[in-house]
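> based on what follows, work out the 3D shape:
(3 chains)
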Amino acid sequence: MPELPEVETVRRGLEPWVKGKKIKSIEMVHKGGNRSSTFAPITTVQDARILELKRRGKFLWFQLNRDLALVAHLGMSGQFLIQPKKADDEKHLRVRIDCGDRKKEIRFIDQRTFGWVAIDELVEVDGEWIPRSFARIAPDIFDPKFDAKKLIRKIANKKSAIKRVLLDQTVMSGVGNIYADESLWRARIHPERMANTLSEDEVKTLLSSVKKVMTKALKQGGTSFDALYINVNGESGYFAVELEAYGREDEPCSRCGSFIRRIVFGNRSSHFCPNCQKNLKKSGAKRG
DNA sequence: CTTATGACCTGCAAGC
DNA sequence: TGCTTGCAGGTCATAA
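Sure thing, here's the model as predicted:
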């Protein structure tokens, strides 16, 4: 569910509850997805101090005063909530963290179990120590390490539909199904266009669309369709009302009035305007 | 190496 | 009122 703007909204909401705090207790109430690292039991970080709450792409990472990190991924339905300690356990409660507040605790809740919280070891990448779980993903578009030139070259060599490339976290992280469709709509590029047929200008337009769409979404607290994505205080995000393509099948395009279409490829839905976002006849890769 | 596919899991809505 | 089918914000192992 959550893409970069939603994960960042959660990070900002959670930060004041954890930054500089000591982990008084941490408990795996119910095992989450089978992706959880088995590097160490979660209670290993008890008594550690949380120095920073960081994010790369869709991964959250609690930086500790240890050689270990506490890592979290929300998957499709994971959420962090600040709850009263005396509130009943939620049906899908996975992890409970007490950071010393007298009345409140942090809960990780996840209906679909694709999310997880785990201990991870640190590895060095580009002179920076980051958790092994996401050491291979590329920087996201807001990361100071984001290198547009390098990315443009990478995309130019991809023999795959541009939508797939946008979703590939090792190319650029943070983009998911909603913001891929929204960015492509904004850049007037068909999701099935082969990446290596895009001109440099088209790729630049696309990247600035990704940034623009995500910046706007972040200002609205992300996109909520239901209770599966909410901020740590239970509030929804309000970007859904501004969506132009995603989830708008058979509704008119706000630019030209044509009806938005939904197609399925790569096991995902793609929404686009058939008039504004035309696919080129496959002429193959450029020669020479 | 690259790219494509389906598996993982729960719950909801629509159609019969 | 069931039952079945399809769909959902993501990632990963495996196959080709």
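> so what are the domain limits for chain A?
A:4-134, A:148-272 (automatic domain parsing).
> so which of those is nearest residue A:141?
domain A:148-272 (5.2 Å; CB to CB). In short, each C-beta sits where N, CA and C put it, glycine included.
> span of the closest one from start to end?
End-to-end distance of domain A:148-272 (CA to CA, to the nearest Å): 25 Å.
> check what pLDDT residue A:64 gets.
Here, the pLDDT recorded for residue A:64 equals 98.
> actually, residue A:109.
In this model, residue A:109 carries a pLDDT of 96.
> now residue A:277
Reported pLDDT for residue A:277: 98.
> can you give me the neighbour number for the residue nearest to residue A:207 when sequence neighbours are not counted?
Spatial nearest neighbour of residue A:207, chain neighbours left out: residue A:148 (6.3 Å); criterion: CB to CB, 6 or more residues apart in numbering. Residues lying near residue A:148 (other CB atoms under 10 Å) number 14.
> and residue A:148, what are its phi and psi?
Backbone dihedrals for residue A:148, given as degrees, to the nearest 10, come out at phi -60, psi -40.
> that one and residue A:95, how far apart?
37 Å (CB to CB, to the nearest Å).
> now do the contacts for residue A:65.
A:48, A:49, A:51 (CB atoms under 8 Å, 6 or more residues apart in numbering).
> can you list the residues you listed in TSV and add secondary structure, neighbour count and distance to DNA strand C?
TSV is the format used below for the contacts of residue A:65 (DSSP: H, G, I helix; E, B strand; the rest coil; neighbours: other CB atoms under 10 Å; distance: CB to the nearest atom of the strand, whole Å):
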residue	secondary structure	neighbour count	distance to DNA strand C
A:48	coil	18	23
A:49	strand	16	27
A:51	strand	15	24
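> near DNA strand C, anything from stretch A:104-124?
Yes: Stretch A:104-124 lies within reach of DNA strand C by CB under 7 Å from any atom of the strand, at A:112, A:114.
> can you give me the buried ones in that stretch?
Buried residues in stretch A:104-124, counted by 16 or more other CB atoms under 10 Å: A:104-111, A:113-120, A:122.
> also near DNA strand B: which of the residues you listed, exactly?
Residues of the buried residues of stretch A:104-124 in contact with DNA strand B (CB under 7 Å from any atom of the strand): A:111, A:113, A:114.
> in its sheet, what does the longest strand along chain A sit against?
For chain A, the strand that runs over the most residues, judged by DSSP state E, is strand A:116-125. Strand A:116-125 pairs in its sheet with strand A:68-73 (antiparallel), strand A:128-131 (antiparallel), by DSSP bridges.
> winner for burial among these?
strand A:68-73 (a mean of 23; mean count of other CB atoms under 10 Å).
> near DNA strand C, anything from it?
Yes: shown here: strand A:68-73 in contact with DNA strand C (CB under 7 Å from any atom of the strand) through residue A:73.
> ok, residue A:277 - contacts?
Residues in contact with residue A:277 (CB under 8 Å, 6+ apart) are A:184, A:185, A:188, A:189, A:190, A:191.
> ok, now which ones touch the residue of chain A found nearest DNA strand C?
Nearest residue of chain A to DNA strand C: residue A:176, at 1.8 Å (CB to the nearest atom of the strand). Residue A:176 makes contact with A:2, A:3, A:4, A:58, A:167, according to CB under 8 Å, 6+ apart.
> my read: residue A:72 touches residue A:110, true?
No: judged on CB atoms under 8 Å, residue A:72 makes no contact with residue A:110 at a distance of 10.0 Å.
> give the intersection of the neighbour lists for those two.
A:78, A:116.
> near DNA strand B, which residues of the stretch 151-288 of chain A are found?
So the stretch 151-288 of chain A meets DNA strand B at A:157, A:158, A:159, A:160, A:161, A:164, A:265, A:266, A:267 (CB under 7 Å from any atom of the strand).
> can we see that at 6 Å?
A:158, A:159, A:160, A:164, A:266, A:267 (CB under 6 Å from any atom of the strand).
> now those as JSON lines including neighbour count, secondary structure and pLDDT?
Below are those laid out as JSON lines (neighbours: other CB atoms under 10 Å; DSSP: H, G, I helix; E, B strand; the rest coil; pLDDT from 0 to 100):
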{"residue": "A:158", "neighbour count": "16", "secondary structure": "coil", "pLDDT": "98"}
{"residue": "A:159", "neighbour count": "10", "secondary structure": "coil", "pLDDT": "97"}
{"residue": "A:160", "neighbour count": "15", "secondary structure": "coil", "pLDDT": "97"}
{"residue": "A:164", "neighbour count": "19", "secondary structure": "helix", "pLDDT": "98"}
{"residue": "A:266", "neighbour count": "14", "secondary structure": "coil", "pLDDT": "89"}
{"residue": "A:267", "neighbour count": "5", "secondary structure": "coil", "pLDDT": "89"}
